[in-house]
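1. Here's a sequence, model it:
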Amino acid sequence: MRLTVIGTGYVGAVHAACMADIGHEVLGVDTDAERIAALTSGRPPFCEPGLSEMLMKGVDTGRLRFTTSLTEAARFGDTHFICVGTPQHPDSGAADVSHVDAAVDGLAPYLHDSGYARVLVVGKSTVPVGTADRLAARLHAAAPGAEVAWNPEFLREGCAVQDTLRPERIVAGMHSEQAEARLRKIYAPLLDAGTPFIGTDPATAELVKLASNSFLATKISFINAMAEICDATGADVLTLAEAMGRDSRIGPRFLAPGLGFGGSCLPKDIRAFTARAEELGRGDSVAFLRHVDEINARQRSRTVDLAQQLVGGSFADRSVAVLGAAFKPGCDDIRDSPALAVADAVRRRGAQVRVHDPEAVDNARAAYPALQFVLDVAKACEQADVVLHLTEWPQYRELDAAALAAVVRTPVIVDARNTLDPAAWRSAGWTLRALGRPRLG
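-> Next comes the predicted model:
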C-alpha cells in the first residue's frame, strides 16, 4: 500500500521507517527541508536505537522517500498519517493542536484532485478528545470523500522501533467499516503476528492514549508519595515497592521510586487531559491529576534539598557533579528533563555544576548554556563535593566506585534513580543517599 506520513519528528520518522519495513511504500512529508535531507540520507534528528539503519534500508529499497510537497503527498497515496507534535500551550496546560490543524488544512485542498475516490486521514498525534470529529467536519467541507480516523501511538523513547513493530495493541477509532478494513490491511503483518486490534470510535481512541499516560503518571507519583512517607518513618521504599509489585493486581512496572517522570508525553498529557476535562465540565473527575503533577515536581525539589543538606546546608563555593541530562536513558531528549531541572536549580543556588550524559550533551548545552557539560564522567566528578545520579543510564551502574572516589573532594552520592548498588558504593568509601531510603545514609 502507498501511505504518507505528515510530520517527520519523533513519531513520524519512526512510523514512516517501520511502515516501509513491513512492506508499504511510504512518503514522509515535512516543511523542514533540512530535516527531509537528513532523513533521506538515513540520519534521524534524534537518538533512537535501530532507527538510522531502518531509514537507510527503506531509502535503499525505494520503499521510503521524503518530500516537502503536500501536493505530491495527496497524489502519492490514499491514506495519510498525521504525526505532528501537540506541545503544551504556552498560556495554559492545554494541548496546542495548531500543528494538527495546519497539517489537515494544508493537505485538504489537494485531496479533491488526488485521483482517489476515498481518502483516509489517520491521526497519530496525542490530542484532546473530540479533535477527530472536529477535524472530520472541517475536512469534509474541503474534500467530501475524505474520512478521519484516530490511531494513537504508544511509543517509549529508546524502544520506539520495537514498540511499532511489536506493539502490545493497535487502537483505532473510526466511523466506517471501510476505514477499519483499510487500517487492518495496513497493519496486517503485525496483526498476523498476534497483535490485538481494538476497533472503536474516534473519541474512545483519543481517550485511550490520555487515560493510559495519566494512569502511568499516577502510578509513578504514588510510589514517590510513599517515598515521602518512608522518609518520615524510616521505612524503605524499594522494599515497599517490591512487596506491592508482587501483588498481581498491582504489578511491578512503573513502581520505581525516584526523581519522577519527564519528557514530552506524561507531563504535558496529564495537564492537557485536565484542561480538556475542565472544558467539558468534568474537571472534578480528574482533579487528582493536579496532585500527581505536584508530587512529580516535588521530587525534583526534594532531591535538590537533600543534596544541599549533604554539602553542609549551602551550595556556595561547592562543586556538584551531575550524571545524566536526558529525561530517560536510551535517548537524547531533554524535554522536561528532571535531571536538568535539578542541575539548573542547584546552579541557581550557587553551586558550580558539571554535567555528563552519554547522548544528550549537545541538546542540553543549547538549552542550558549556564551549565557546564563534559564528555568524561571522571572530569565531571573532579573535586566534586557531591555527585547526583539523575538519569539511570546503564553506564553509570557500571562505574568503578573506588576509582571515582579518588577524584572527588567528598565521596557523597545521591542516587535519585535508586539503581546503583548501595553495598558496592559504601564498600568503596561512599556515603550513598536516596529519597525514601534513609537507612542508606
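2. Now do the lowest-mean-pLDDT helix or strand in the chain: which elements does it pack against?
-> When the helices and strands of the chain are scored by mean pLDDT, DSSP states H and E, helix 131-142 comes last with a mean of 92. The elements that helix 131-142 packs onto, with contact taken as 3 or more C-beta pairs under 8 Å, 6 or more residues apart in numbering; DSSP states H and E, are helix 98-111, strand 119-123, strand 146-150, helix 202-233. Quick note: C-beta positions are derived from backbone N, CA and C, even for glycine.
3. next SSE after the longest one?
-> What it means is helix 202-233. Next along the chain after helix 202-233, taking DSSP states H and E as the criterion, comes helix 237-245.
4. Give the other helices and strands that that following helix contacts.
-> helix 202-233.
5. What lies in contact with the least confident helix or strand of the chain?
-> Here helix 131-142 makes contact (C-beta atoms under 8 Å, 6 or more residues apart in numbering) with 97, 100-101, 104-105, 108-109, 111-112, 121, 123, 146-150, 173, 175, 202-203, 205-206.
6. So how do I select the buried members of these in PyMOL?
-> Selecting only the buried entries of the contacts of helix 131-142 in PyMOL, with 16 or more other C-beta atoms under 10 Å as the criterion:
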select buried, resi 97+100+101+104+108+111+121+123+146+147+148+149+150+173+202+205+206
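7. Quick check: which of the helices and strands packed on helix 131-142 is nearest to Leu323?
-> helix 202-233 (19.8 Å; C-beta to C-beta).
8. hang on, Gly115 packs against Arg75?
-> Yes: assessed by C-beta atoms under 8 Å, Gly115 is found in contact with Arg75 at 6.4 Å.
9. Between those two, which has more neighbouring residues?
-> More crowded of Gly115 and Arg75, by other C-beta atoms under 10 Å: Arg75, with 17 against 9.
10. Name the nearest residue to the more buried one, sequence neighbours excluded.
-> Ser114 (5.4 Å; C-beta to C-beta, 6 or more residues apart in numbering).
11. number of nearby residues for that neighbour?
-> 20.
12. List the buried residues in stretch 278-296.
-> Buried residues in stretch 278-296, counted by 16+ other C-beta under 10 Å: Glu278, Val286, Leu289, Val292, Asp293, Ile295, Asn296.
13. CA atoms of it as CSV?
-> Written as CSV, here are the backbone C-alpha positions of stretch 278-296 (Å, rounded to 0.1, in the frame of the first residue of the first chain):
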residue,chain,number,x,y,z
GLU,A,278,-12.5,21.2,32.6
GLU,A,279,-13.7,22.4,29.2
LEU,A,280,-16.1,19.5,29.2
GLY,A,281,-17.4,20.4,32.7
ARG,A,282,-15.8,17.3,34.2
GLY,A,283,-12.8,18.8,35.8
ASP,A,284,-13.6,17.2,39.2
SER,A,285,-13.3,13.8,37.7
VAL,A,286,-9.5,14.2,37.0
ALA,A,287,-8.7,16.8,39.7
PHE,A,288,-6.3,14.2,41.3
LEU,A,289,-4.0,14.6,38.2
ARG,A,290,-3.0,18.0,39.5
HIS,A,291,-1.7,16.3,42.7
VAL,A,292,0.1,13.7,40.5
ASP,A,293,1.8,16.6,38.8
GLU,A,294,2.6,18.3,42.1
ILE,A,295,4.1,15.2,43.6
ASN,A,296,6.3,14.7,40.5
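14. Show residues contacting it.
-> Under C-beta under 8 Å, 6+ apart, the answer for stretch 278-296 is 94, 128-129, 214, 217-218, 220-221, 224-225, 260-261, 267, 270-271, 273-274, 277.
15. 7 Å - rerun?
-> Residues outside stretch 278-296 that contact it (C-beta atoms under 7 Å, 6 or more residues apart in numbering): 214, 217-218, 221, 224-225, 260-261, 270-271, 273-274, 277.
16. from those, which two are the most distant?
-> Asn224 and Ala277 (23.1 Å).
17. Looking at those two, which is more packed in?
-> Asn224 (25 against 19).
18. Distance from the least confident helix or strand of the chain to the middle of the chain?
-> Put simply, helix 131-142 sits 28 Å off its chain's centre (C-alpha atoms, centre = their mean, to the nearest Å).
19. Offset the numbering so it begins at 44, please.
-> New numbering, starting at 44: the last item is helix 174-185.
20. these two touch, right, Val54 and Lys167?
-> Yes: taking C-beta atoms under 7 Å as the definition, Val54 is a contact partner of Lys167 at 5.9 Å.
21. okay, these two: which has more neighbours?
-> Val54 (24 against 21).
22. tell me the SS of that one?
-> helix (DSSP: H, G, I helix; E, B strand; the rest coil).
23. can you pull the contacts of it?
-> Cys126, Lys167, Glu196, Leu198.
24. again, but for Leu113
-> Val72, Gly149, Leu150, Tyr153.
25. any idea which of those has the most stuff around it?
-> Val72 (28 neighbours).
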